[in-house]
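In: sequence first, then the predicted structure:
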Amino acid sequence: MPPRTVSPFRILTWHVHGSYLDSLVRTGHEFYVPVRDDGGERHGGIGHWGWPTDRVHEVPEDEVRDLDVDLVLFQHARNWREDGPRVLSDRQLRGPRIYIEHDPPWADPTEARHPVDDPDVLLVHVTAFNALMWDNGRTPTRVIEHGVADPGLRWNGRLGRGLVVINDLGTRGRRLGRDIFDRAREHLPIDLVGMRTAEYGGLGEVLRKDLPAFSARYRFFFHPVRYTSFGMAICEAMMIGMPVVALATTEMPTVLEDGRSGIIHTDPDYLIDGAGQLIHDHALAARLGEAGRRVALERFSIDRFAADWSRTFAEVIGRSSVTLPDGGRRIPVTA
């Protein structure tokens, strides 16, 4: 079957990270998400995100192979190894494919071979750190950093407390900095939100659509994570001008500069002392937060994200350009 010649592109992907898919939906393309029912239980759908129905479509798994899509976008090793071979047609399995790697390697930070080993697939990392740490083998790679929408509100920091946003922190151990969080809350007024955090003394989950307004009251965003990808919650905090206090690990040192656009260091005591200064000095917090916002507007804008992904989709599909629905804007592959 010849490729379609109209834009936007039709992308088949799985619902793995809702926040990331929320940004992908804003690129202007159409997304098809497989769903299945197991004993009356629905898996893999779009939930209650409120995405436009002309942009995001749920498709029963047994109908996926009949879809006319331009590209398959894998987002998890399970999609690659199990879901794809089970539900995709031969044409979809051989056609234009991209794998998004959201994380650094967990089992071994320097020797782990990436599960994709295919020169006909583009492996997209969400940070340069992730691309550095994986052994990508013969698979071609590219880095497309996060993009988040400006929520249209600003930080005020009227509440003299810090905020941590991490799901399941109580069960995720040192990698996510549970011990550092415990240490910090011995010295600082600090709250924890996220899924299943109430069991660990947190406030529970705050819906993503409500998080910017909820966060804006807090004096600073505290990020105790030792080893992970660059969280979208950090980008969103920076976008509203909320000052960030974080370990200087993974991608963080390339984003924030200590004392100028945030407080970052590898010494937890330094972070605790710095956070204490922010509690007592709102003006300092405001200066750091505004500098961080300028970084976010340049580095994590949704327009940059949409342009990067549209060029990448067009290149992998074999198109010279793509016309997006926002006024017919054309984005060439080689800008």
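Out: Great, that's in hand.
In: quick one, what contacts the residue nearest to Ile240 when sequence neighbours are not counted?
Out: Take Ile240 and drop its neighbours on the chain: the residue closest to it by CB to CB, 6 or more residues apart in numbering is Trp155, 4.9 Å away. No exception for glycine: its C-beta is placed from N, CA and C like everyone else's. Contact analysis of Trp155 by CB atoms under 8 Å, 6 or more residues apart in numbering lists 215-216, 240-243, 286, 289.
In: now the end-to-end length of stretch 108-127.
Out: This stretch, stretch 108-127, spans 18 Å end to end (CA to CA, to the nearest Å).
In: please tell me how far the residue nearest to Ile240 sits from Arg299.
Out: For Trp155, the distance to Arg299 (CB to CB, to the nearest Å) stands at 18 Å.
In: what do you get for Ala246?
Out: Applying CB to CB, the value for Ala246 to Arg299 is 15 Å.
In: then Glu30?
Out: 27 Å.
In: who has more neighbours, these two?
Out: Between Glu30 and Arg299, counted using other CB atoms under 10 Å, the more crowded position is Glu30 (19 against 15).
In: from Val16, how far off is the spatially closest residue to the more buried one that is not a sequence neighbour?
Out: Leaving aside its chain neighbours, Glu30 sits nearest to Arg10 (4.9 Å; criterion: CB to CB, 6+ apart). Distance of Arg10 to Val16, computed by CB to CB: 19 Å.
In: same question, Glu298
Out: 27 Å.
In: next: Gly318.
Out: Applying CB to CB to Gly318 and Val16 gives a distance of 26 Å.
In: for Glu298 and Val16, work out which one has more neighbours and name it.
Out: More neighbours surround Val16 than the other of Glu298 and Val16, with 16 against 9 (other CB under 10 Å).
In: which ones are touching that one?
Out: Shown in contact with Val16 (CB under 8 Å, 6+ apart): 75-76, 79, 102.
In: out of those, which is nearest to Val148?
Out: His102 (14.7 Å; CB to CB).
In: quick check: that closest one touching His17?
Out: Yes. Using CB atoms under 8 Å, His102 is in contact with His17, at 6.0 Å.
In: which residues are in contact with both of the two?
Out: In contact with both His102 and His17: Gln75, using CB under 8 Å, 6+ apart.
In: tell me the buried residues in the helix or strand Phe31 falls within?
Out: Using DSSP states H and E, Phe31 falls within strand 30-38. Under the neighbour-count criterion of 16 or more other CB atoms under 10 Å, strand 30-38 has 30-36 buried.
In: stretch 108-120 now?
Out: For stretch 108-120, the neighbour count (16+ other CB under 10 Å) marks 114-116 as buried.
In: so who does the nearest residue to Arg304 once chain neighbours are set aside touch?
Out: In space, not counting the residues next to it along the chain, Arg304 is nearest to Gly147; the distance is 5.9 Å by CB to CB, 6+ apart. Each residue near Gly147 by CB under 8 Å, 6+ apart is listed here: 23, 26, 300-306, 308.
In: any idea of the pLDDT on Gly147?
Out: pLDDT recorded at Gly147 is 97.
In: cool, and Asp37?
Out: 76.
In: any idea how far Arg94 is from it?
Out: 28 Å.
In: may I see the buried residues of the helix ranked longest in the chain?
Out: If you go by DSSP state H, the chain has its longest helix at helix 282-299. Neighbour counts over helix 282-299 (16+ other CB under 10 Å) mark 285-286, 288-289, 291-293, 295-296 as buried.
In: other residues contacting it?
Out: Contact with helix 282-299 is made by 145, 148, 150, 155, 157, 219-220, 235, 238-244, 255-256, 259-263, 277-278, as judged by CB under 8 Å, 6+ apart.
In: and what of stretch 162-174?
Out: 176-178, 181, 184, 188-197, 199-200, 202, 205-206, 211, 215, 218-226, 231, 233, 237, 245, 275, 278-279.
In: whichever of those end up buried, select them in PyMOL.
Out: Buried residues within the contacts of stretch 162-174, by 16+ other CB under 10 Å, are selected in PyMOL with:
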select buried, resi 176+177+178+181+184+188+190+191+192+193+194+197+200+202+206+211+215+218+219+220+221+222+223+224+225+226+231+233+237+245+275+278+279
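In: return the subset of the contacts of stretch 162-174 lying in strands.
Out: Members of the contacts of stretch 162-174 lying in strands (criterion: DSSP state E): 190-193, 218-223, 245.
In: just give me the closest of those to His125.
Out: Lowest distance from His125 to the ones in strands among the contacts of stretch 162-174 (CB to CB) belongs to His223, with 20.0 Å.
In: right, I'll leave it there.
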